[in-house]
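Enquirer: this is a predicted model, with the sequence first.
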Amino acid sequence: MRLAKTHSLRILIAATLAASATPSIADESIKADDLEVIVVSGSRTEKPLKDVAASISVITSDDIEKQVVTDMSQLFLYNPSIQVTGRVGGAQNIQVRGMGSDRILMIKDGMRMNEGYGANGLNDIVGRGFIDTDTLKQVEVAKGAASSLYGSDALGGIVVFTTKDASDYLQDGEQFGGRVKLGYSDLDDQTSLGATLYAQHGNFDHLLSVTARDGEEEQNKHQSNAPFEIDSQSLLYKLKYNINDKDYINFSADLWRQDVNGDSADGLLTYFRGLAEYGYNIATENTQTEKDSDSYRFSYNNNSANRLWDSAQFNLYYTNNRQDDQEYALLDINAPMFGTVEMRDMWKTGTYEQTTYGLISHASKALNKQHTLGYGIDVETTESLRTVHEYREVEGETTKDDTTNKFPKNDTLRAGLFINDEISLLNDKLVVTPGVRFDYYSMDPNGALKTDGEEYAKIDESNLSFNLGGLYYINDMLSAYAQYGQGFKVPAYDLAYIEHYNQPTAEYIYEVLPADDLDPEKSDTFELGLRGHIGDFTVTAAVFHNKFDDFLATELIDRETVFNDDGSFGYIHDKYQYQNIDSVTIKGAEFSTTYYATDAISVFLNASYQDGKNDETDEYISSINPLSGNLGVSFQGDTFGSDLIVNFAKKMTKVNEGNYETPGYGTVDWLARASFGQANLNLAIRNLFDKTYYQHGSLANHSASDSLEGLESSGRSISASISYSF
């Protein structure tokens, strides 16, 4: 497979583009297969990007190497339409065109990845970045509703991670080889060492990849983030058995571990901070987080045409994702005025675990020259739990021992059946792709009771999702497309069943009450796009309009002010609940172009514009981003390459009254690479001039009067890697 020559920054989209002049035929410096990168997210079958009627951004393994990517949070640094929330070692998630959290479906090697867990869908407790970037062959982001192919959760888009195979390394006639890689990044003081072995023996292909990373917290520019240590390990093993020239069986085991250890226990001590003047002194505090992800997949690929299909794939898989958090603090309390003088040991542990079993299948069949059907069936079951245990001890005696479930242990069943048709018209100049999918969804809390003694309700839903795309080949080098897609998401366990009580300060208590009568969220995506070559330029452009109905958001349903017996103010007690709001609309435009000045030198520009509002209140959505992008020049010689990139963002004025308007900024990055026979060296210097700036995602929803301390992005950072193949 030939990977795209274009940089990931140039893969996709945006503003209205006028192309009234007849495009010239590209010269030899622009290959006709620049957009031949193979993707699966557009139709669930392998297809060149240029033949897909959808906006799909692609990050290849070459991009990951050139950009010296060491963490999921860095994957889309040069794609302004995609953001990653969270930092290295913390909870991370992906936002696509202003829509994020569990409304974006994430898939790795055909397996559903874990959902996140956090406040208001922000996944600030458990994220979704349980992955090592060195194992990745390609990452695809299909933007907009995609439930007609992938079912529930593909409300705002899908992210498809594909890991490497032995065939990605083995050359013709080669039976054994290997690769070692050493890396360092001062962004998080991370050192990494990885080794990959690959072999072909008879009908068997083997791949074994192991990576270890040792680092620290990702710091902001002023080095004020709480310190912690991060250790992670990854192991990927793949076995392929070639039954014949066309059919084969795959087995894979993908294991990932990460340990994070720090010297602060904010979740445990928020209430006690600031009480030193009353005799509450923090003597010791620390935190430990362990993240584990295990995935196993068995697949059968049949490419021997028969009466039912020309090609088909059947996947059985198991995934288990777990995060254990433990905080410890020792309070030295000398408060005789409250009758308390003691040394108090305090522990707070939290466990999040999600296990999924799945059967995923798809097939394609060419009925004739005009019609090619795609169809499949998916069945998945998921078990989710979240428990919190609080324990206190004074002089060896237990004073508190409470275990709570933030939501009941529940079982979820998802079953879907889809079919689509690729219809070729006008002598293959127009391709129309209608598709439909039926989904059934069931979530069972297994008779668990709320604190008031009432049973949680079982949730059963079904949905029919439709998609219609059209791709018109203007000429051999340029195509235009239009797409309408539907998406839906049944309320997740943490939104429907969460029952949470917290008193972060002496003067404030809040609760989140269950809401097991919520309606599914739904979305409609409309998009127009242009993609291809115009003379010495490659161009991708799109305009989109996404509407989300029955959008879920937390609403304050009750506020009580409690006074002390003497009439003085005591505390405020707020009660929240997830509720469906009328609708949310996000619209925007994206544009990318690359000018190939010579065979070695190119200039590229990428830009993204977003606008989003709550249609009921006319308030802005906090997850949209200002007009932003990057402009760069790239040189690629036989043994040396270099990119100079200017990243920019306009001042964010689309904020609600009283919120902070994030200042605009411009930063410069420099990437360099060199090849020495079997060795490859990559270097990345980000924020070359050490500029202080703020990402809008860090300031969104902050009041204009809030302190910005600690919210700034990182300063200058240097990352480097060297690899050797044998």
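Expert: Yes, it's here. Numbering: from 1, shown residues only.

Enquirer: all the helices of the protein, in order from the start?
Expert: 61-66, 147-150, 266-269, 493-496, 696-699 (DSSP state H).

Enquirer: quick check: mean pLDDT across the last one?
Expert: Throughout helix 696-699, pLDDT has a mean value of 90.

Enquirer: return the set of residues that bridge with Ser209.
Expert: Beta bridges link Ser209 to Thr196, Leu236, judged by DSSP bridges.

Enquirer: same check on Glu342?
Expert: Ile333.

Enquirer: and the most centrally placed residue in the chain, how far from Leu711?
Expert: Centroid-nearest residue in the chain: Ile94, 3.1 Å away (criterion: CA atoms, centre = their mean). Distance, Ile94 to Leu711, by CB to CB, to the nearest Å: 21 Å. Quick note: C-beta positions are derived from backbone N, CA and C, even for glycine.

Enquirer: what is the end-to-end distance of stretch 661-670?
Expert: Terminal residues of stretch 661-670 lie 29 Å apart, using CA to CA, to the nearest Å.

Enquirer: ok so, going back, lowest mean pLDDT across the helices of the chain, which one is that?
Expert: helix 493-496 (a mean of 83).

Enquirer: how near is Met320 to Asp292?
Expert: Careful, residue 320 is Asn; it's not Met. In terms of CB to CB, Asn320 sits 7 Å off from Asp292.

Enquirer: check Asn281 too.
Expert: 35 Å.

Enquirer: could you pull out the buried residues of stretch 450-457?
Expert: Buried residues in stretch 450-457, counted by 16 or more other CB atoms under 10 Å: Tyr456.

Enquirer: what lies in contact with it?
Expert: Here stretch 450-457 makes contact (CB atoms under 8 Å, 6 or more residues apart in numbering) with Pro408, Pro445, Gly447, Ala448, Leu449, Tyr497, Glu499, Pro514, Asp516, Asp517.

Enquirer: try 6 Å
Expert: Outside stretch 450-457, the residues within contact range by CB atoms under 6 Å, 6 or more residues apart in numbering are Pro408, Pro445, Ala448, Leu449, Tyr497, Pro514, Asp516.

Enquirer: neighbours around the second one, how many?
Expert: This points to Pro445. 23 (other CB atoms under 10 Å).

Enquirer: check contacts around it.
Expert: Pro408, Asn410, Tyr456.

Enquirer: now the strands for the stretch 201-350 of the chain?
Expert: Secondary structure of the stretch 201-350 of the chain (DSSP state E, counting those that start in this stretch): strands located at 204-216, 228-242, 248-262, 280-302, 311-335, 340-366.

Enquirer: where does pLDDT dip in the stretch 401-550 of the chain?
Expert: Filtered on pLDDT under 70, the stretch 401-550 of the chain yields no residues whatsoever.

Enquirer: gap between Thr284 and Ala265?
Expert: Relative to Ala265, and taking CB to CB, Thr284 is found at 9 Å.

Enquirer: give the buried residues for stretch 509-522.
Expert: Neighbour count says stretch 509-522 has Ile509, Tyr510, Glu511, Val512, Leu513, Pro514, Ala515, Asp516, Leu518, Pro520, Glu521, Lys522 buried, by 16+ other CB under 10 Å.

Enquirer: now do Leu193, the pLDDT please.
Expert: For Leu193, the pLDDT comes out at 98.

Enquirer: contact partners for it?
Expert: Per CB under 6 Å, 6+ apart, neighbours of Leu193: Leu182, Ala212.

Enquirer: and with 8 Å instead?
Expert: Counted by CB under 8 Å, 6+ apart, Leu193 has contacts Val180, Lys181, Leu182, Gly183, Thr211, Ala212.

Enquirer: quick one: low-confidence residue ranges for this protein.
Expert: In the chain (pLDDT under 70), the answer is 1-36, 119-123.

Enquirer: residue at max distance from the center of it?
Expert: Asp566 (52.1 Å).
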